[in-house]
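In: Here is my input; please provide its structure:
(chains A and B)
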Amino acid sequence: MGGRSRVAAQMLAGKGFDNVYNVTGGFKAWESEAAFGKEELGLELFTGDESPEITLVVAYSLEQGLLNFYLSMIPKVKNDDVKNLFKKLSEIEVKHQDRIFNEYVKISGKSSSREDFEKNIVMKAVEGGLTTQEYMDLFQPDLESVEDIIGLAMSIEAQALDLYLRAADRSNNPESKKILIQIADEEQTHLTQLGKLMEGI
Amino acid sequence: MRWKQFLTPVKSFDADQARKYMADKSSEECTILDVRQPSEYAAGHIPGAKLIPLPDLTERLDEIDPKKPTMVY
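Out: Next up is the predicted model:
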(Lines give C-alpha, C1' and ligand atoms only; values in the text may rest on other atoms or scores of the structure.)
Protein backbone atom coordinates (compact mmCIF):
# COMPACT_ATOMS: atom_id res chain seq x y z
CA MET A 1 0.00 0.00 0.00
CA GLY A 2 2.73 2.40 1.04
CA GLY A 3 4.34 2.02 -2.36
CA ARG A 4 1.20 2.68 -4.32
CA SER A 5 0.10 5.69 -2.30
CA ARG A 6 3.56 7.24 -2.53
CA VAL A 7 3.60 6.90 -6.31
CA ALA A 8 0.05 8.28 -6.53
CA ALA A 9 0.94 11.22 -4.28
CA GLN A 10 3.98 12.00 -6.42
CA MET A 11 1.90 11.84 -9.58
CA LEU A 12 -0.56 14.34 -8.13
CA ALA A 13 2.20 16.64 -6.91
CA GLY A 14 3.67 16.54 -10.41
CA LYS A 15 0.30 17.53 -11.86
CA GLY A 16 -0.02 20.71 -9.85
CA PHE A 17 -1.66 19.51 -6.66
CA ASP A 18 0.08 21.66 -4.02
CA ASN A 19 -1.08 20.01 -0.90
CA VAL A 20 -0.64 16.28 -1.19
CA TYR A 21 0.09 13.96 1.68
CA ASN A 22 1.06 10.34 1.52
CA VAL A 23 -0.59 8.65 4.49
CA THR A 24 1.87 6.08 5.74
CA GLY A 25 0.92 2.91 7.53
CA GLY A 26 -1.76 2.36 4.91
CA PHE A 27 -5.27 1.41 5.70
CA LYS A 28 -4.42 -0.80 8.68
CA ALA A 29 -3.98 2.19 10.94
CA TRP A 30 -7.66 3.11 10.36
CA GLU A 31 -9.22 -0.21 11.09
CA SER A 32 -11.41 0.90 13.99
CA GLU A 33 -12.87 3.75 11.94
CA ALA A 34 -13.28 1.86 8.70
CA ALA A 35 -16.29 1.67 6.46
CA PHE A 36 -17.05 -1.40 4.37
CA GLY A 37 -18.61 -2.31 1.08
CA LYS A 38 -18.54 -1.36 -2.57
CA GLU A 39 -18.83 2.21 -3.81
CA GLU A 40 -22.54 1.76 -4.51
CA LEU A 41 -23.47 0.22 -1.16
CA GLY A 42 -26.55 1.87 0.30
CA LEU A 43 -26.75 4.41 -2.51
CA GLU A 44 -30.14 3.13 -3.61
CA LEU A 45 -31.30 5.44 -0.82
CA PHE A 46 -29.65 8.45 -2.45
CA THR A 47 -29.88 8.52 -6.23
CA GLY A 48 -28.46 12.03 -6.43
CA ASP A 49 -31.69 13.71 -7.52
CA GLU A 50 -33.28 14.08 -4.08
CA SER A 51 -34.61 17.46 -3.03
CA PRO A 52 -33.31 18.86 0.27
CA GLU A 53 -36.61 17.82 1.84
CA ILE A 54 -36.34 14.19 0.75
CA THR A 55 -32.66 14.13 1.68
CA LEU A 56 -33.61 15.03 5.24
CA VAL A 57 -36.34 12.38 5.32
CA VAL A 58 -33.92 9.67 4.18
CA ALA A 59 -31.32 10.82 6.70
CA TYR A 60 -33.90 10.84 9.48
CA SER A 61 -34.92 7.31 8.52
CA LEU A 62 -31.31 6.15 8.53
CA GLU A 63 -30.78 7.59 11.99
CA GLN A 64 -33.99 5.86 13.06
CA GLY A 65 -32.50 2.55 11.94
CA LEU A 66 -29.42 3.18 14.10
CA LEU A 67 -31.55 4.33 17.02
CA ASN A 68 -33.70 1.19 16.85
CA PHE A 69 -30.58 -0.94 16.80
CA TYR A 70 -29.09 0.70 19.90
CA LEU A 71 -32.43 0.52 21.73
CA SER A 72 -32.92 -3.13 20.82
CA MET A 73 -29.53 -3.94 22.35
CA ILE A 74 -30.31 -2.55 25.81
CA PRO A 75 -32.41 -5.48 27.06
CA LYS A 76 -30.03 -7.98 25.46
CA VAL A 77 -27.01 -7.17 27.62
CA LYS A 78 -26.41 -7.74 31.31
CA ASN A 79 -23.46 -5.48 32.08
CA ASP A 80 -24.74 -2.12 33.39
CA ASP A 81 -21.89 -0.15 31.84
CA VAL A 82 -22.78 -1.61 28.44
CA LYS A 83 -26.49 -0.92 29.00
CA ASN A 84 -25.68 2.71 29.81
CA LEU A 85 -23.45 2.95 26.79
CA PHE A 86 -26.27 1.80 24.49
CA LYS A 87 -28.57 4.31 26.16
CA LYS A 88 -26.04 7.06 25.58
CA LEU A 89 -25.63 6.05 21.95
CA SER A 90 -29.38 6.08 21.42
CA GLU A 91 -29.61 9.54 23.02
CA ILE A 92 -26.99 10.81 20.59
CA GLU A 93 -29.10 9.53 17.69
CA VAL A 94 -32.21 11.22 19.07
CA LYS A 95 -30.35 14.53 19.26
CA HIS A 96 -29.18 14.03 15.73
CA GLN A 97 -32.76 13.38 14.64
CA ASP A 98 -33.91 16.52 16.48
CA ARG A 99 -31.60 18.60 14.33
CA ILE A 100 -32.65 16.84 11.13
CA PHE A 101 -36.33 17.30 11.97
CA ASN A 102 -35.89 21.01 12.76
CA GLU A 103 -34.11 21.48 9.47
CA TYR A 104 -36.94 19.63 7.71
CA VAL A 105 -39.58 21.90 9.26
CA LYS A 106 -37.56 24.95 8.28
CA ILE A 107 -37.03 23.90 4.69
CA SER A 108 -40.40 22.35 3.95
CA GLY A 109 -42.39 25.01 5.76
CA LYS A 110 -44.65 22.20 6.95
CA SER A 111 -45.56 22.42 10.58
CA SER A 112 -46.28 18.74 11.08
CA SER A 113 -45.77 17.34 14.55
CA ARG A 114 -42.87 15.01 15.17
CA GLU A 115 -45.34 12.19 15.68
CA ASP A 116 -47.08 12.76 12.35
CA PHE A 117 -43.74 13.11 10.66
CA GLU A 118 -42.54 9.79 12.01
CA LYS A 119 -45.80 8.02 11.25
CA ASN A 120 -46.45 9.29 7.75
CA ILE A 121 -43.22 10.42 6.22
CA VAL A 122 -40.30 8.50 7.65
CA MET A 123 -39.44 5.30 5.84
CA LYS A 124 -39.41 2.07 7.72
CA ALA A 125 -36.29 0.40 9.04
CA VAL A 126 -33.67 1.89 6.80
CA GLU A 127 -30.11 0.75 7.30
CA GLY A 128 -27.01 2.14 5.68
CA GLY A 129 -26.22 -0.71 3.35
CA LEU A 130 -25.54 -3.42 5.88
CA THR A 131 -28.21 -4.79 8.18
CA THR A 132 -27.51 -4.76 11.88
CA GLN A 133 -27.34 -8.55 11.80
CA GLU A 134 -24.63 -8.27 9.17
CA TYR A 135 -22.73 -5.92 11.48
CA MET A 136 -23.02 -8.38 14.32
CA ASP A 137 -21.75 -11.18 12.09
CA LEU A 138 -18.96 -9.04 10.74
CA PHE A 139 -17.61 -7.85 14.07
CA GLN A 140 -18.90 -10.54 16.43
CA PRO A 141 -18.64 -8.23 19.40
CA ASP A 142 -18.53 -9.53 22.92
CA LEU A 143 -21.83 -8.04 24.07
CA GLU A 144 -20.66 -7.65 27.64
CA SER A 145 -17.49 -5.78 26.72
CA VAL A 146 -17.66 -1.98 26.70
CA GLU A 147 -14.63 -1.84 24.45
CA ASP A 148 -16.19 -4.17 21.87
CA ILE A 149 -19.43 -2.22 21.88
CA ILE A 150 -17.67 1.10 21.36
CA GLY A 151 -15.77 -0.54 18.51
CA LEU A 152 -19.04 -1.76 17.01
CA ALA A 153 -20.63 1.67 17.38
CA MET A 154 -17.59 3.30 15.75
CA SER A 155 -17.88 0.96 12.79
CA ILE A 156 -21.58 1.67 12.42
CA GLU A 157 -21.08 5.45 12.63
CA ALA A 158 -18.19 5.21 10.17
CA GLN A 159 -20.47 3.35 7.78
CA ALA A 160 -23.11 6.07 8.08
CA LEU A 161 -20.48 8.80 7.63
CA ASP A 162 -19.18 7.06 4.52
CA LEU A 163 -22.68 6.71 3.06
CA TYR A 164 -23.49 10.41 3.59
CA LEU A 165 -20.22 11.46 1.97
CA ARG A 166 -20.73 9.19 -1.05
CA ALA A 167 -24.29 10.48 -1.35
CA ALA A 168 -23.00 14.08 -1.16
CA ASP A 169 -20.49 13.30 -3.86
CA ARG A 170 -23.16 12.14 -6.29
CA SER A 171 -25.84 14.69 -5.39
CA ASN A 172 -26.93 16.97 -8.23
CA ASN A 173 -28.75 19.38 -5.95
CA PRO A 174 -26.41 21.91 -4.28
CA GLU A 175 -28.73 22.38 -1.30
CA SER A 176 -29.05 18.62 -0.77
CA LYS A 177 -25.29 18.28 -1.08
CA LYS A 178 -24.81 20.90 1.60
CA ILE A 179 -27.21 19.10 3.92
CA LEU A 180 -25.50 15.75 3.39
CA ILE A 181 -22.09 17.25 4.14
CA GLN A 182 -23.46 18.87 7.27
CA ILE A 183 -24.88 15.56 8.49
CA ALA A 184 -21.62 13.81 7.59
CA ASP A 185 -19.70 16.32 9.68
CA GLU A 186 -21.94 15.52 12.63
CA GLU A 187 -21.24 11.82 12.16
CA GLN A 188 -17.55 12.65 12.12
CA THR A 189 -17.98 14.38 15.48
CA HIS A 190 -19.72 11.28 16.90
CA LEU A 191 -16.91 9.13 15.65
CA THR A 192 -14.31 11.37 17.28
CA GLN A 193 -16.27 11.30 20.55
CA LEU A 194 -16.45 7.51 20.47
CA GLY A 195 -12.71 7.36 19.82
CA LYS A 196 -12.09 9.49 22.90
CA LEU A 197 -14.44 7.28 24.90
CA MET A 198 -12.42 4.26 23.81
CA GLU A 199 -9.17 5.97 24.86
CA GLY A 200 -10.70 6.70 28.25
CA ILE A 201 -11.42 3.06 29.15
CA MET B 1 12.63 18.23 -17.16
CA ARG B 2 9.95 15.69 -17.44
CA TRP B 3 11.45 13.21 -15.07
CA LYS B 4 11.53 15.77 -12.32
CA GLN B 5 7.98 14.58 -11.79
CA PHE B 6 9.29 11.28 -10.47
CA LEU B 7 11.37 13.06 -7.88
CA THR B 8 8.74 15.45 -6.61
CA PRO B 9 9.00 15.12 -2.87
CA VAL B 10 5.70 14.62 -1.09
CA LYS B 11 4.92 15.14 2.52
CA SER B 12 4.04 12.13 4.60
CA PHE B 13 1.51 11.77 7.38
CA ASP B 14 1.06 8.84 9.66
CA ALA B 15 -2.51 7.93 10.56
CA ASP B 16 -2.52 10.03 13.74
CA GLN B 17 -1.24 13.13 11.98
CA ALA B 18 -3.80 12.62 9.22
CA ARG B 19 -6.58 12.27 11.78
CA LYS B 20 -5.50 15.45 13.56
CA TYR B 21 -5.20 17.30 10.27
CA MET B 22 -8.74 16.33 9.29
CA ALA B 23 -10.25 16.79 12.74
CA ASP B 24 -10.74 20.55 12.44
CA LYS B 25 -11.77 20.49 8.79
CA SER B 26 -15.13 19.89 7.19
CA SER B 27 -15.23 16.77 5.05
CA GLU B 28 -15.71 19.11 2.12
CA GLU B 29 -12.37 20.80 2.63
CA CYS B 30 -10.08 17.92 1.81
CA THR B 31 -9.95 14.84 -0.36
CA ILE B 32 -9.12 11.38 0.92
CA LEU B 33 -7.97 9.33 -2.01
CA ASP B 34 -7.91 5.53 -1.97
CA VAL B 35 -5.63 4.26 -4.74
CA ARG B 36 -6.08 0.57 -3.96
CA GLN B 37 -8.14 -1.87 -6.02
CA PRO B 38 -11.96 -2.01 -5.68
CA SER B 39 -11.82 -5.33 -3.82
CA GLU B 40 -9.53 -3.80 -1.19
CA TYR B 41 -11.83 -0.79 -0.92
CA ALA B 42 -14.85 -3.07 -0.42
CA ALA B 43 -13.08 -4.96 2.36
CA GLY B 44 -12.60 -1.70 4.27
CA HIS B 45 -11.90 1.97 3.62
CA ILE B 46 -11.62 5.34 5.33
CA PRO B 47 -15.13 6.85 5.44
CA GLY B 48 -15.73 9.22 2.56
CA ALA B 49 -12.63 8.14 0.69
CA LYS B 50 -12.72 8.57 -3.07
CA LEU B 51 -11.74 5.38 -4.86
CA ILE B 52 -9.48 5.78 -7.88
CA PRO B 53 -7.22 2.74 -8.28
CA LEU B 54 -3.64 3.67 -9.13
CA PRO B 55 -3.87 2.30 -12.71
CA ASP B 56 -6.78 4.70 -13.46
CA LEU B 57 -5.36 7.77 -11.76
CA THR B 58 -3.93 9.65 -14.73
CA GLU B 59 -7.17 9.23 -16.70
CA ARG B 60 -9.40 10.34 -13.86
CA LEU B 61 -7.41 13.28 -12.46
CA ASP B 62 -10.28 15.65 -13.32
CA GLU B 63 -12.36 14.01 -10.59
CA ILE B 64 -10.18 15.50 -7.86
CA ASP B 65 -9.88 19.18 -7.00
CA PRO B 66 -6.20 20.20 -7.13
CA LYS B 67 -6.89 23.16 -4.85
CA LYS B 68 -7.95 20.99 -1.93
CA PRO B 69 -5.49 19.23 0.33
CA THR B 70 -5.37 15.59 -0.75
CA MET B 71 -4.49 12.64 1.43
CA VAL B 72 -3.50 9.50 -0.40
CA TYR B 73 -3.50 5.99 0.98
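In: And the pLDDT for the closest residue in space to B:G44 that isn't next to it in sequence?
Out: The shortest distance from B:G44 to any residue other than its chain neighbours is 4.1 Å, reached at A:A34 (C-beta to C-beta, 6 or more residues apart in numbering or on different chains). Backbone N, C-alpha and C define where each C-beta goes, glycine included. On the pLDDT scale, A:A34 is placed at 84.
In: show me what contacts A:A34?
Out: Residues counted as contacts of A:A34 (C-beta atoms under 8 Å, 6 or more residues apart in numbering or on different chains) are A:F27, A:S155, A:A158, B:G44, B:H45, B:I46, B:P47.
In: Which two among the residues you listed are spaced furthest apart?
Out: With C-beta to C-beta as the measure, no two of the contacts of A:A34 lie farther apart than A:F27 and A:S155, at 14.2 Å.
In: Next SSE downstream of the lowest-mean-pLDDT helix or strand in chain A?
Out: Least confident helix or strand of chain A, by mean pLDDT, DSSP states H and E, is helix A:132-139 with a mean of 74. Counting by DSSP states H and E, the next helix or strand C-terminal to helix A:132-139 is helix A:146-170.
In: List the buried residues of the helix or strand just after that following helix.
Out: On the C-terminal side of helix A:146-170, the closest following helix or strand by DSSP H and E is helix A:174-199. Buried residues in helix A:174-199, counted by 16 or more other C-beta atoms under 10 Å in any protein chain shown: A:176-177, A:179-188, A:190-192, A:194, A:197.
In: Give the other helices and strands that helix A:174-199 contacts.
Out: helix A:52-73, helix A:80-108, helix A:146-170 (3 or more C-beta pairs under 8 Å, 6 or more residues apart in numbering or on different chains; DSSP states H and E).
In: so the second one versus helix A:174-199, what angle?
Out: Relative orientation of helix A:80-108 versus helix A:174-199 (axes from the mean of the first three to the mean of the last three C-alpha atoms, to 10 degrees): 170 degrees.
In: Which elements pack onto helix A:80-108?
Out: The contact analysis (3+ C-beta pairs under 8 Å, 6+ apart) places helix A:80-108 against helix A:52-73, helix A:146-170, helix A:174-199.
In: can you do 7 Å?
Out: helix A:52-73, helix A:146-170 (3 or more C-beta pairs under 7 Å, 6 or more residues apart in numbering or on different chains; DSSP states H and E).
In: any idea how far B:C30 lies from A:D148?
Out: Computed as C-beta to C-beta, to the nearest Å, the B:C30 to A:D148 distance reads 31 Å.
In: Would you check that A:L161 makes contact with A:E186?
Out: No. Here A:L161 lies out of contact with A:E186, judged by C-beta atoms under 7 Å, at a distance of 9.0 Å.
In: Tell me the confidence at B:L61?
Out: 91.
In: Show me how chain A divides into domains.
Out: A:1-31, A:34-199 (automatic domain parsing).
In: need the helices for chain B, in chain order.
Out: B:4-7, B:15-23, B:38-43 (DSSP state H).
In: Okay, angle between the longest one and helix A:174-199 too, please.
Out: It stands for helix B:15-23. Put simply, helix B:15-23 runs at 140 degrees to helix A:174-199, going by the same axes, to 10 degrees.
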